[in-house]
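Trainee: the sequence and its predicted three-dimensional model are supplied below.
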Amino acid sequence: MTVETDGEEPVARFRRWFRQRPNSIEFWELVLTDERLVWCFVGESYRSLLLRADMGERDRAIVDESPLGDLTSLAAENFAVPLESLDGIRLVTGTRFRRARLEMRWRAGDEDGEAARYDGDVTLASTGEAQSHRE
């Protein structure tokens, strides 16, 4: 698990999630601390390259080993959402025919930087190996 830093402590980790884009699939790891939700970009796969895709294993290991304060600087796509800006995190349990989903909403403002480009509303889908996260 990610190392604690400056009083900020990890609470949970959402492992092995992806975001479907029109031309690609982005792979994400999310780290929830007592202060913020940190989005860590761990790779991208283009449809034409799916069979040769790097599913982000190397970058997931880097996220695991990095101090909390360094997570947003690991990749240009990484960002953090302060807990007070979160409106909700909803887990939609998967079935045999439908992947589990994480639906997140937050109030995006000018101070949110990268978080603002997602307009405060993102749905991630579970990879086949994602944990249930129900607990």
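Mentor: Good, I have the coordinates.
Trainee: which parts of the chain are strands?
Mentor: Using DSSP state E, the strands of the chain run over residues 10-20, 24-33, 36-46, 79-82, 86-92, 101-106, 121-126.
Trainee: which residues are contacting the last one?
Mentor: Put plainly, it is strand 121-126. With C-beta atoms under 8 Å, 6 or more residues apart in numbering as the test, strand 121-126 has contacts from 14, 16-20, 28, 30, 94, 99-105. (C-beta placed from N, C-alpha, C; glycine too.)
Trainee: now, among the residues you listed, which is nearest to residue 84?
Mentor: Using C-beta to C-beta, residue 105 comes nearest to residue 84 of the contacts of strand 121-126, at 13.5 Å.
Trainee: OK, contacts around the closest one?
Mentor: 86, 87, 88, 120, 121.
Trainee: remind me which residues of the chain are low pLDDT?
Mentor: The chain contains residues with pLDDT under 70 at 1-6, 47-55, 109-117, 128-135.
Trainee: redo that, cut-off 80
Mentor: In the predicted model, the chain carries pLDDT under 80 at residues 1-6, 46-57, 96, 108-120, 128-135.
Trainee: name the nearest residue to residue 30, sequence neighbours excluded.
Mentor: Closest residue to residue 30 apart from its sequence neighbours, by C-beta to C-beta, 6 or more residues apart in numbering: residue 14 at 3.9 Å.
Trainee: check contacts around the one you found.
Mentor: 29, 30, 31, 32, 102, 124, 133.
Trainee: from these, pick the one nearest residue 66.
Mentor: Checking the contacts of residue 14 against residue 66 by C-beta to C-beta gives residue 31 as the nearest, at 9.5 Å.
Trainee: in this structure that closest one contacts residue 68, no?
Mentor: Yes: look at residue 31 against residue 68 with C-beta atoms under 8 Å: they come within range, at 7.1 Å.
Trainee: distance between the ends of stretch 57-75?
Mentor: Using C-alpha to C-alpha, to the nearest Å, the end-to-end distance of stretch 57-75 comes to 15 Å.
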